[in-house]
Every structure is written in C-alpha cells, then in structure tokens.
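In: Sequence below, structure please.
(one chain, ligands or ions: 3)
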Amino acid sequence: MDSSFQTEQLLLALASEFRIEARIAAITPFGSGHINDTYRIRNNNPEGHDYLLQRINHHVFKDVPLLMNNLLNVTRHLQKKLAHLPQSALEKNVLTIIETNYSQSYYLDPDGNYWRMFYFLKDTRSYDQVTTEKQAFEGGKAFGKFQADLADMDTELIKDTIPNFHNIEFRLQNFEKAIENNQADRIREVLPEIEFIRTRANSMFEILESGKNKTLPLRIVHNDTKFNNVLLDTDDKAQCVIDLDTVMPGYVAYDFGDSIRTIINSAAEDEADTTTISLNLNLFQAYTSGYLQQSVPFLEKAEVDSLVKGVLLLPYIQAVRFLTDFLEGDIYFKIHSPEHNLLRTRAQLALVKKLEENRETLDHIIQDTWQYYKLKN
Ligand code: ADP
Ligand code: GN1
Ligand code: MG
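Out: Ligands and ions are numbered 1, 2, ... in the order given. The predicted structure is shown next:
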C-alpha cells in the first residue's frame, strides 16, 4: 500500500466523523497557509457542497475548544448581520462550521489531532499577491466591513486564542531570549538583521502605549489579515473573510497594517531578491479606499492617525517573529526550505525600510481618503 493511499483512507475516515452530505470524489491538500493543514473534499455531485477539512495546529492554538467556541460566536454574530439574505447567499459570505456526528464543532482523533470542517466556498480565489486595484479595493471593503460588523459584539464572547499575539514588547522579549539561547546555532548568519531590528525597537511601541493609556479603543479585530485570508469571487468581488482563528481583541491598525504588508509589496512575502521589493502606491490607495469606505462610520480620529503606525509595525513584528522562529530552529511557521524563515525575515525588513522612506506619503493618502469618506457620510 503506498503512503498517499493510506493518507487518503485516513482522511476519508476523518471526513466520515462529520455530518457531510456528499459522496466523496477526492480529498486533496489545499491552500498556502503557514499554520493549519487544509484539504478540499470534492463532492461527486457537482451541484452539491464541497467541504474543507482542516487539522488545527494545536501547537500554535493550545486551547482548541476555546478557539472553536470563539469561531462559533463570531460566525453566529456575522450570520445575524446577514439574516435578511437567503441561506445560499449567507453560506457564501460567512464560514459555516459543519458539526461532527456527535454535534461538536471539532473532532479529536485518537492521535490527539484536532479536526474541523467548513463548507468549501466554490468559485472563489484567495490571492497570495495582489495585482489589481479592484482586488485591493474589494479586500479593503471586506476587512473594513468585518470590523464594522463585529463592532457591536459582546467582547466577553471572545477569548484570547494566542495571548499577546501582536504585543511588540512580548515579541521582542521572545526574540532576545531566542538570541540568548541560540538553539539552532544560527546567530552568526543573522547579525545585520538583529541589528536592524534592535535599532528600530523603540519606535515600534506607539500603538501598544496608546492602547495602554486608552487613547486607542480595544476592539474585536481579525488579527491575521494577510490578503489570502479573504476570498474574492470569480469577478474579484469580496465574498468571505476566512481564517478566523485569531479574531480577538486588538487595535484596528493591526489589521490595516497586516493587509498592507501583503498588498503594497510588489514582491512575495519571502522574496529572495530583496532588490525587487518596492511599494505599489496605487494598490495601497485602493485598499485604503475600500477599508475606509466601510470603517469611517465607527473609526475614531486617533484610530485613523494610528493606521500608518500599523503599516510600519506589522512587517516589523512579522520579521521579528520569522527571525525568532529561524533562531529557534523553525518550530512555528511551515517552511519549504531550510532558509525559508531567514528569506522571509529579510524580505519583511526590506519592506520596513521602504515603508519608512515613504511614511509621509502613506499618511497623506490615509488622511485624504478619510476626509473624502467623512464628507460623504
Ligand atoms: P491557515 O491558518 O493555515 O492559513 P486558512 O484557514 O487560512 O489556514 O486556510 C488556508 C487556505 O485555504 C486559505 O488561504 C484559502 O485559500 C483556503 N480556504 C480556507 N477556507 C476556505 C473555504 N471555506 N473555502 C475555500 N477556500 C478556503
Ligand atoms: C500565519 O495562518 P496564516 O498563514 O494565514 C500567521 C500570521 C502571520 C502569517 C505570515 C496564527 O498566517 O500571524 O502574519 O502566517 N498566523 C498565526 O504569513 O500565527
Ligand atoms: Mg490563512
């Protein structure tokens, strides 16, 4: 028996733990996420639902029952907002959690792995890189609306799935510990990157400080808004925000900054040739327009002023996390080559440099766009 056959049998057995209405034609690995293991289940009947089976990374998400409870609460809240739509439209716009045969939101297998299932949203695209202003605008709309829809959610219903997720103080402490431990004996390779990160550390605390002194409101935000976490339809219209594992209290600038990190960069997140990294300001303008069109009604001025800080912070914090993982021996992010986390670090730091050089221009675009939508509202 070959191992791919064995894997397929295993996945079929797992799928049968859930209440699915399908004769399964195939189960295949899907997507390019860095955390969970994702599979598409194809239905023999093309008219019926396809499904998405995921093994939740329980090394990253240590309390899966808590995580799934968050997801149930978030999806219910979003579904209520769209209660006027027919069921078929609702299923396209909000993730639907498929229960197990025992009415649970996840299945724990005998090896201690956690599995869950959603409807697979057919005729959608998730882009690792954005190429058109329409895509960027629609993504901005989707994440802006997502925040707007969650603005009135009872915060008690959402618990931290990864504490201190975007807390730069915590991330820098872990980074310094990783340097001290030098677990993978890689320090010598990364001295310039360590230096780059250290020299900027003090300038990266502004959002955290404003949060602590309550100048910025704590809201429920997505926290992982890289562009492949929004599905666009075949016409590149926003359809559904996905990857809800990190929906937690946070600041709007975190979401804005993380999206921009993946949109404004003309190159990939892990581009090896950092000389090709440049800023695409048209895509930045388009995303900003989509986002502010949806968020102006609830955003406070201090939050608008914080957006550009998020744009600088998120690639920086991402570089800190990639480099920490590289120093610790690649224990967190999925990698596709031994140097992958290092390439990612270098690409993110090159992006930080470009963003620093253009900070004023970026802020002008944000402020002008905000004025525009403010007058329209
Ligand atoms: P990860 O945490 O590993 O990034 P995601 O939940 O983002 O996991 O899923 C990985 C990829 O699978 C997404 O980037 C997207 O391309 C695809 N995907 C996730 N959920 C769905 C869905 N319900 N329908 C269609 N594609 C999906
Ligand atoms: C991970 O799960 P995915 O691939 O959408 C990570 C994000 C990082 C991103 C970097 C839970 O996102 O925080 O920004 O990789 N998710 C988690 O590409 O750590
Ligand atoms: Mg994802």
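In: which residues touch the nearest residue to G48 once chain neighbours are set aside?
Out: The shortest distance from G48 to any non-neighbouring residue, by CB to CB, 6 or more residues apart in numbering, is to A22 (5.5 Å). Any C-beta I mention is one placed from the backbone N, CA and C, and that applies to glycine too. Contact analysis of A22 by CB atoms under 8 Å, 6 or more residues apart in numbering lists 41, 43-45, 48-51.
In: Helix, strand, or coil at A22?
Out: coil (DSSP: H, G, I helix; E, B strand; the rest coil).
In: Then I220?
Out: I220 ends up strand, using three-state DSSP.
In: center of this protein, which residue is that?
Out: D224 (2.3 Å; CA atoms, centre = their mean).
In: Quick check: it vs P315, distance?
Out: Counting by CB to CB, to the nearest Å, the gap from D224 to P315 is 14 Å.
In: Equivalent analysis for N229, please.
Out: 16 Å.
In: Could you check which of these two has the larger neighbour count?
Out: Neighbour totals were compared for N229 and P315, and P315 leads with 26 against 23 (other CB atoms under 10 Å).
In: Contacts made by stretch 234-244 with the rest, please.
Out: Here stretch 234-244 has contacts from 33, 70-71, 74-75, 92-95, 121, 123-126, 132, 134-135, 138-139, 141-143, 145-146, 222, 224, 229-233, using CB under 8 Å, 6+ apart.
In: switch the cut-off to 7 Å
Out: 33, 71, 74, 92-95, 121, 123-124, 132, 134-135, 138-139, 141-143, 146, 222, 224, 229-233 (CB atoms under 7 Å, 6 or more residues apart in numbering).
In: same check, this time on stretch 138-157
Out: 73, 77-78, 81, 219-222, 225, 227, 230, 232, 236-238, 241, 249, 252, 255, 259, 287-295, 297-298.
In: Can you say which of these are buried?
Out: 73, 77-78, 81, 219-222, 225, 227, 230, 232, 236, 238, 241, 249, 252, 255, 259, 287-295 (16 or more other CB atoms under 10 Å).
In: In terms of helices and strands, where is F170?
Out: Assigned by DSSP states H and E, F170 falls within helix 168-181.
In: list the buried ones in that helix?
Out: 168, 171-172, 174-175, 178-179.
In: per-domain residue ranges of this protein.
Out: 3-122, 133-376 (automatic domain parsing).
In: does the longest one come close to ligand 1?
Out: Yes - Domain 133-376 comes into contact with ligand 1 (CB under 6 Å from any ligand atom), by way of 228-229, 231, 242-243.
In: can you give me the strands in the stretch 51-200 of the chain?
Out: For the stretch 51-200 of the chain, the strands defined by DSSP state E, counting those that start in this stretch occupy 107-108, 114-120, 124-125.
In: Good, we can wrap up now.
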